[in-house]
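Participant: pasting the structure only:
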């Protein structure tokens, strides 16, 4: 019995040691990136989807670590954290956490639009609420990856000045997703930053005009510094929602039917 018990303890300590090493490595990366960002006069630091992961019981430790770094360097951090369950009956959580430059956790957002087969069966779905967070007079909204394809989620963030979309792209879809998110800038009048793993980092202004694009396929290190327009604008779509598109659709159908009727006469 004793050898088995010692083996169990050894296994436990090995796991804990590996977890501690991973935690320290993650904090070292974030601290170094925060230091570089501040040196380049940045006020916000954003990581792509799935940049960091941890077992669910260590979530608080990771969040507190990033809070400490944000406060130390006085920088806002949008921190993605894939929280892996410790119980096989539970599901993992794909989260974004907005941590302010005074170290306060302002919001935790869970991904809603889950990829079928590879993600949906194993991941807890969010509550569908789009966050709008104000920090230093700027309103931010953010959605994870394909959540931006939902009119509802994007529209509910229309009051924001800046829309952040951390993502994970597949090579076959990298240009579709890069240009697809452009419509959200035009519709809602906010600047859009999409920063994926394996895809195109792209920045649009409030009119949907591209300001920056960089392909990062298979690039997993480094930083890009961008000046993001901070003032959003009111749009017809933002004020009326889907009423205008529906009116256009009804008018188009009416015009087509009227054309057939007149042709028969």
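Facilitator: Nice, thanks for sending it over. This structure is a prediction, so every number in the text was calculated from the model and none was measured. Numbers count the residues shown, from 1 in each chain.
Participant: partners of the longest strand seen in the chain in the sheet?
Facilitator: The longest strand of the chain (DSSP state E) is strand 76-84. With DSSP bridges as the test, strand 76-84 is paired with strand 44-46 (parallel), strand 53-55 (parallel), strand 93-99 (antiparallel).
Participant: And the helices in the stretch 51-200 of the chain, which stretches?
Facilitator: Secondary structure of the stretch 51-200 of the chain (DSSP state H, counting those that start in this stretch): helices at 59-73, 151-155, 174-180, 182-188.
Participant: For residue 206, give me its contacts.
Facilitator: 185, 189, 190, 191, 229, 231, 232, 233 (Cβ atoms under 8 Å, 6 or more residues apart in numbering). The C-beta positions use only the backbone N, C-alpha and C, and glycine is treated the same way.
Participant: what sits against the first one?
Facilitator: If you count contacts by Cβ under 8 Å, 6+ apart, residue 185 has them with 163, 191, 192, 204, 205, 206, 207, 208.
Participant: do the same with the fifth one
Facilitator: Contact analysis of residue 229 by Cβ under 8 Å, 6+ apart lists 161, 162, 191, 205, 206, 211.
Participant: Need the max-distance pair from the residues you listed.
Facilitator: 161 and 211 (14.7 Å; Cβ to Cβ).
Participant: of the two, who's got more company?
Facilitator: More crowded of residue 161 and residue 211, by other Cβ atoms under 10 Å: residue 161, with 21 against 15.
Participant: what about the closest residue to that one other than its chain neighbours, neighbour count?
Facilitator: Leaving out its chain neighbours, the residue that sits closest to residue 161 by Cβ to Cβ, 6 or more residues apart in numbering is residue 232, at 3.9 Å. Applying other Cβ under 10 Å, we find 22 other residues in the vicinity of residue 232.
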